[in-house]
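> sequence-free structure coming up:
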């Protein structure tokens, strides 16, 4: 008996996406000055993080990121940790939304999602 690829995917441990979005106060050009190489490098050694995609919506004064973690515990540690904690306590940030999602790996592979090492 052959298992379907979708069934196999459900039995395997999926990687995890954290989605963070928020609005910011102030001028988008000034806000963009916060995005430096040093800021990006802070994420390089974050435990369990495979990659981060930086998001920007200057017309809406909204920004955020998509983070791929190797497991839910690493994702949860980031969400509960000090890096995101600074956002929660920053008066220039509003409408902070943080979500953790499991991925549907087989379906993502079909649509060429960049979550695999191949």
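That came through, no problem. If you're wondering where the values come from, they're calculated on a predicted model, not measured in any experiment.

> run a quick neighbour tally on residue 24.
Neighbourhood size, residue 24 [other Cβ atoms under 10 Å]: 20. All C-beta spots, glycine's among them, are computed from the backbone N, C-alpha and C.

> grab the nearest non-local neighbour of residue 73.
residue 48 (7.5 Å; Cβ to Cβ, 6 or more residues apart in numbering).

> any idea how far that neighbour is from residue 63?
23 Å (Cβ to Cβ, to the nearest Å).

> who has more neighbours, those two?
When neighbours are counted by other Cβ under 10 Å, residue 48 and residue 63 differ, and residue 63 comes out ahead with 21 against 18.

> wait, what's in contact with that one?
21-22, 24, 31, 54-57 (Cβ atoms under 8 Å, 6 or more residues apart in numbering).

> same thing but 7 Å
Contacts for residue 63 (Cβ atoms under 7 Å, 6 or more residues apart in numbering) come out as 22, 24, 55-57.

> quick one: those as TSV, columns for distance to residue 36 and secondary structure too.
Formatted as TSV, those follow (distance: Cβ to Cβ, whole Å; DSSP: H, G, I helix; E, B strand; the rest coil):
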residue	distance to residue 36	secondary structure
22	19	strand
24	16	strand
55	17	strand
56	14	strand
57	20	strand
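
> in what helix or strand does the closest residue in space to residue 56 that isn't next to it in sequence lie?
Among residues not flanking residue 56 along the chain, residue 63 sits closest, at 5.2 Å (Cβ to Cβ, 6+ apart). Here residue 63, judged by DSSP states H and E, is contained in strand 62-69.

> picking up where we left off before, what subset of the contacts of residue 63 is buried?
Neighbour-count burial (16 or more other Cβ atoms under 10 Å) applied to the contacts of residue 63 gives 22, 24.

> now flag whichever of the contacts of residue 63 is closest to residue 76.
Of all the contacts of residue 63, residue 76 sits closest to residue 22, with 18.9 Å by Cβ to Cβ.

> which residues does the residue nearest to residue 56 form beta bridges with?
In this entry, residue 63 is beta-bridged to residue 22, residue 56, by DSSP bridges.

> gap between it and residue 55?
Distance of residue 63 to residue 55, computed by Cβ to Cβ: 6 Å.
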